[in-house]
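Student: sharing a sequence plus its predicted fold:
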Amino acid sequence: MIRRKIRELIENKINELFGSISDLIFEVEKPKREIYGDYATNVALVLKNRLNKSPLEIAQKLAQEFEKETKIFSKIEVVKPGFINFWISQNYYIENLKKILEKKEEYGKIDLGHGKKVLIEFVSANPTGPLHIGHGRGAAYGDSLARILDFTGYNVTKEYYINNKGTQMIILGASVYLRAKELSGEKIEFPENYYKGAYIYDIAKEALKLYPDLLSMEEEKAIELCKELAIKIILEDIKNDLERFRVIYDNWYSETGLYEKNKVEEVINYLKEKGLIYEKEGAIWFKSSLFGDEKDRVIIRSNKEYTYFAGDIAYHYEKFKERGFDLCINIWGADHHGYVKRLKAALKAFDIDPEKLQIILIQMVNLIEGGEIKSMSTRQGEFVELKELLNEVGADATRFIFLSRSADSPLDFDIDLAKKQSQENPVYYVQYAHARICSIFEKAKENGWDEFNWGRANWEFLSNKEELDLLKKLDEFQDVVESASSLYAPYKLTYYLLELAKEFHEYYSKYRVLSEDKELTLARLGLCMGCKIVLKNALNLLGVSAPKKM
RNA sequence: GCGCCCGUAGCUCAAUAGGAUAGAGCAUUGGACUACGAAUCCAAAGGUUGCAGGUUCGAGUCCUGCCGGGCGCGCCA
């Protein structure tokens, strides 16, 4: 938070001293080395060209002004090329601790979104099989991002788009139908492109139970029934897994619904009027190449089937033009990146600013088992299900691991390591810090503390280096929240948690919180409570629990 | 062939919109429990940031070209 304050202060002073300067981009950063202070800015270096003065001279002038702010700064220095280094007064950090104790679960909130309506669409796996490990990463990412954006003042809706239309669904139905035949003793030949997973048998059994005369029906009708049943069962299974993974959606949006409402037709007609549609070789094409796509795309195939893209155009048209979202965030697997340009092209055709659609591509997940990479394919029925991770690893460790990497980085999920409840598994390191603090408070109660009146605490007792470091770390939380939100980067919080937990564990092993000295104890308990609150708030943004005992 | 992502310590990854002497964890080695939970802590060691140029006060970060890896390039989703 102090970082934001310093930034504002700099902006104000520049205005006073040099007049308003447009598009000024400068940094307020935490230097890597302590000798450069708690924070530093490069603003004088950036201003050099604008003001045609030496950076040192500019820095000196600004520093003089900042020295007046004795409540915030304890020391200010101008160095070498023109950096200004700031040391923050302990008093500031104490005030921040008081704020934490007062705000509790509200601490760290910051209004970046100003109530902007944002839709986060994620997972959206086709209901052709259970969720696997790759979907899990998208689920953890999308849900955590939703929590972070909500925490930072956005009005967030979480949505799952169900692709329940098209050839894949027919194949799904036919797969079930064939398995039903097989189960009834018929000899079958199972085509290469059908769904081979074991779950298809389960659905087939269910179909036979529900429709005893299934196999004597007209085949087309039987497949249709199998399809409907399969979608229903698989979707329930998906919902169930996601719930166990603590991912709760606001909407489950059906693709077929778009067609029932004639949305797709409407949107295609609109494009037709604009002259962006043409017919070639029996198919209907959209001139996406006019809007930055590599080539035009088919939206209605020559067999009159709509492509997935057709539905997606209508879906996104509706998101912006009818449902009124200011920002839409789609979270896709990186293997879909080729699709980005055509969807943005569609938005441009509707005069929707393509920047309003943020597509976040998440790199693949490699499953490591026994030290080897296992390959996965839904069609072949070879994949590790999310369910398996939930059963064997648990939601907390699974989420933490998924959220420990930037989306750009492929993730190796070592299932053996994830299962271990040991130091190699970082989630426990963080949770343990929280549990330890809870345990201290339990002990304190045993020792006769029945209430903690922070208002009466004498914070001067927090005078060790480790205590000041912790106070600084707690203040930093607000900056981390801000960057996690504006960069769509939940992993920033994961790293922050590990750092905070580390500093707490160090402190814990070096100093005793509970002692005969009541005043010292109360101050240290206050610091512990601050850590507990921040740990819990940060964990909550990842959707990971903060246990009292482990 | 074209497009997107990536290349940092033995391994897995950070490095905050270009900042100062590139940091963690794991693994390795050696230490610390009769006091709030040892799922913890302390210490040691580990690097030509894939290669070569360029941009500037300053490059792991930006530009160009190579090398290596992943993923795409359908009237599939």
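Tutor: Received it, and whenever you're ready, just let me know what you need.
Student: roughly how far apart are A:Glu460 and A:Ile94?
Tutor: Separation of A:Glu460 from A:Ile94 (Cβ to Cβ, to the nearest Å) stands at 9 Å. C-betas here are computed from N, CA, C, even on glycine.
Student: comparing these two, which residue is more hemmed in?
Tutor: Shown here are A:Glu460 and A:Ile94; by other Cβ atoms under 10 Å, A:Ile94 has more neighbours (19 against 10).
Student: distance of the nearest residue to that one once chain neighbours are set aside from RNA strand B?
Tutor: Leaving aside its chain neighbours, A:Ile94 sits nearest to A:Trp459 (4.6 Å; criterion: Cβ to Cβ, 6 or more residues apart in numbering). To RNA strand B, A:Trp459 is 18 Å away according to Cβ to the nearest atom of the strand, to the nearest Å.
Student: what's the answer for A:Val340, then?
Tutor: For A:Val340 relative to RNA strand B (Cβ to the nearest atom of the strand), the value is 8 Å.
Student: how many other residues sit next to that residue?
Tutor: A:Val340 has 16 neighbouring residues, counting by other Cβ under 10 Å.
Student: check A:Asn262 too.
Tutor: A:Asn262 has 11 neighbouring residues, counting by other Cβ under 10 Å.
Student: one more: A:Lys71?
Tutor: 10.
Student: touching, A:Thr41 and A:Ile10? I think so.
Tutor: Yes - A:Thr41 is in contact with A:Ile10 according to Cβ atoms under 8 Å; the separation is 6.1 Å.
Student: shared neighbours, those two?
Tutor: Residues touching both A:Thr41 and A:Ile10 by Cβ atoms under 8 Å, 6 or more residues apart in numbering: A:Phe26, A:Val28.
Student: so which of these two has more stuff around it?
Tutor: A count of neighbours by other Cβ under 10 Å puts A:Thr41 above the other of A:Thr41 and A:Ile10, at 25 against 20.
Student: who touches that one in this structure?
Tutor: Contact analysis of A:Thr41 by Cβ under 8 Å, 6+ apart lists A:Ile6, A:Ile10, A:Phe26, A:Glu27, A:Val28, A:Glu29, A:Phe83, A:Ile84, A:Phe86.
Student: burial count for the first one?
Tutor: So the one you mean is A:Ile6. Counted with other Cβ under 10 Å, A:Ile6 comes out at 22.
Student: can you tell me the helix or strand for it?
Tutor: A:Ile6 belongs to helix A:2-18 when elements are defined using DSSP states H and E.
Student: quick one: average confidence on the very next helix or strand once past that helix?
Tutor: Sequence-wise, the next helix or strand downstream of helix A:2-18 (DSSP H and E) is strand A:28-29. Across strand A:28-29, the average pLDDT comes to 90.
Student: right, is strand A:28-29 up against RNA strand B?
Tutor: Yes - judged by Cβ under 7 Å from any atom of the strand, strand A:28-29 and RNA strand B are in contact via A:Glu29.
Student: span of stretch A:32-48 from start to end?
Tutor: Criterion Cα to Cα, to the nearest Å; first-to-last residue distance in stretch A:32-48 is 24 Å.
Student: buried sites along it?
Tutor: The neighbour-count check on stretch A:32-48 (16 or more other Cβ atoms under 10 Å) flags A:36-48 as buried.
Student: also stretch A:334-354?
Tutor: Residues of stretch A:334-354 classed as buried: A:339-347, A:349-350, A:352, A:354 (neighbour count, 16+ other Cβ under 10 Å).
Student: and the average pLDDT for it is what?
Tutor: Computed over stretch A:334-354, the mean pLDDT rounds to 93.
Student: what's in contact with it?
Tutor: A:270-271, A:274, A:276, A:286, A:288-294, A:297, A:309, A:312-313, A:316-317, A:320-321, A:332, A:356-357, A:359, A:361-364.
Student: show me these that map onto strands.
Tutor: Applying DSSP state E to the contacts of stretch A:334-354, the entries found in strands are A:Phe286, A:Arg297, A:Trp332, A:Leu357, A:Ile359, A:Leu361, A:Ile362.
Student: on that earlier part again, so which of the contacts of stretch A:334-354 reach RNA strand B?
Tutor: Among the contacts of stretch A:334-354, proximity to RNA strand B is found for A:Glu294, A:Phe309, A:Leu361, A:Gln363, A:Met364 (Cβ under 7 Å from any atom of the strand).
Student: low-scoring pLDDT stretches of chain A, where are they?
Tutor: Counting by pLDDT under 70, the ranges of chain A that qualify are A:371-372, A:375-382, A:421-424.
Student: in it, which residue is closest to the centre?
Tutor: Nearest to the geometric centre of chain A sits A:Leu145, at 3.0 Å (Cα atoms, centre = their mean).
Student: could you check how far that one is from RNA strand B?
Tutor: Distance of A:Leu145 to RNA strand B, given as Cβ to the nearest atom of the strand: 16 Å.
Student: quick one, the host helix or strand of that residue and strand A:357-362 angle?
Tutor: Assigned by DSSP H and E, A:Leu145 falls within helix A:133-151. For helix A:133-151 against strand A:357-362, the angle by axes from the mean of the first three to the mean of the last three Cα atoms, to 10 degrees is 140 degrees.
Student: right, and the helix or strand after helix A:133-151?
Tutor: Proceeding N to C from helix A:133-151, the next assigned helix or strand is strand A:155-162, under DSSP H and E.
Student: parallel or antiparallel, which strands does that following strand pair with?
Tutor: Strand pairing for strand A:155-162, using DSSP bridges, gives strand A:117-121 (parallel), strand A:251-254 (parallel).
Student: any idea how far that strand is from the chain center?
Tutor: With Cα atoms, centre = their mean, to the nearest Å as the basis, strand A:155-162 stands 13 Å off its chain's centre.
Student: pull out the buried positions in that strand.
Tutor: A:Val156, A:Thr157, A:Lys158, A:Glu159, A:Tyr160, A:Tyr161, A:Ile162.
Student: again with stretch A:359-372
Tutor: Counting neighbours by 16+ other Cβ under 10 Å, one finds that the buried residues in stretch A:359-372 are A:Ile359, A:Ile360, A:Leu361, A:Ile362, A:Gln363, A:Val365, A:Asn366, A:Leu367, A:Ile368.
Student: quick one on the thing from earlier: neighbouring contacts of the helix holding A:Ile6?
Tutor: A:21, A:24, A:26, A:28, A:30, A:38-39, A:41, A:43, A:47, A:51, A:61-62, A:65-66, A:69, A:72, A:86, A:88, A:92, A:96, A:475-476, A:478-479, A:482.
Student: likewise for stretch A:462-475?
Tutor: A:1-2, A:38, A:88, A:90, A:92-94, A:96-97, A:100, A:499-500, A:503-504, A:506-507, A:510-511, A:523-524, A:526-527, A:530-531, A:534.
Student: put the buried members of these into a ChimeraX selection.
Tutor: Buried subset of the contacts of stretch A:462-475, written as a ChimeraX selection, criterion 16+ other Cβ under 10 Å:
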select /A:1,2,38,88,90,92,93,94,96,97,100,500,503,504,507,523,524,526,527,530,531,534
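Student: what about RNA strand B: which of the contacts of stretch A:462-475 touch it?
Tutor: Among those, the ones lying near RNA strand B by Cβ under 7 Å from any atom of the strand are A:Glu506, A:Lys510, A:Tyr511.
Student: any chance of these in TSV with secondary structure as columns?
Tutor: Shown next, in TSV, are those (DSSP: H, G, I helix; E, B strand; the rest coil):
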residue	secondary structure
A:Glu506	helix
A:Lys510	helix
A:Tyr511	coil
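Student: what's the closest of these to RNA strand B?
Tutor: A:Glu506 (4.0 Å; Cβ to the nearest atom of the strand).
Student: picking up where we left off before, keep only those of the contacts of stretch A:462-475 that are in helices.
Tutor: Among these, the ones falling in helices (DSSP state H) are A:2, A:90, A:92-94, A:96-97, A:100, A:499-500, A:503-504, A:506-507, A:510, A:523-524, A:526-527, A:530-531, A:534.
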